[in-house]
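How does the following fold in three dimensions:
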Amino acid sequence: MDAIAMLEWLLEHDVNALLRVDTERGGHRPWTFHASGGGQSQERWVVRVDAESAEECVRRGRKALKAYGLDLPE
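Numbering: from 1, shown residues only. You can find the predicted model right below:
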């Protein structure tokens, strides 16, 4: 699953998410994936992952989301 498909899947499952690149970090782990979820009937949670590449950031983000019970399709 690429980054766009992942973000679309998260949207369909009521998860707020973003993938960001930050040039002000001087090239050190410039990619950030951030997601949050839960609602009135669930405990709120937040995931943040920083990485050297977009691919690595998405991979780590998927792994972190799985810890909250979100098993994204391949």
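
make it CA atoms for all contacts and neighbour counts henceforth
Noted.

Show me the contact partners of the longest helix seen in the chain.
Longest helix of the chain, by residue count under DSSP state H: helix 54-66. Under the contact criterion Cα atoms under 8 Å, 6 or more residues apart in numbering, helix 54-66 has outside partners 2-3, 31-34, 47-51, 71-72.

Bridged to the closest residue in space to residue 68 that isn't next to it in sequence, which residues?
Distances taken as Cα to Cα, 6 or more residues apart in numbering put residue 45 closest to residue 68, at 7.9 Å, once the chain neighbours are dropped. With DSSP bridges applied, residue 45 shows beta-bridge pairing to residue 37.

So residue 45 sits against residue 36, correct?
Yes. Using Cα atoms under 8 Å, residue 45 is in contact with residue 36, at 5.6 Å.

Give me the more crowded residue out of these two.
residue 36 (17 against 12; other Cα atoms under 10 Å).

Contact partners for the more buried one?
Residue 36 touches 15-17, 44-47, counting by Cα under 8 Å, 6+ apart.

Equivalent analysis for residue 18, please.
Contacts of residue 18 (Cα under 8 Å, 6+ apart): 7, 33-35.

most neighbours, which of those residues?
When neighbours are counted by other Cα under 10 Å, residue 33 leads the contacts of residue 18 with 23 neighbours.

Dihedrals phi and psi, the nearest residue to that residue once chain neighbours are set aside?
Counting by Cα to Cα, 6+ apart, residue 33 lies nearest to residue 19, which is 4.6 Å off, once chain neighbours are set aside. The phi and psi values for residue 19, taken as degrees, to the nearest 10, are phi -120, psi 120.
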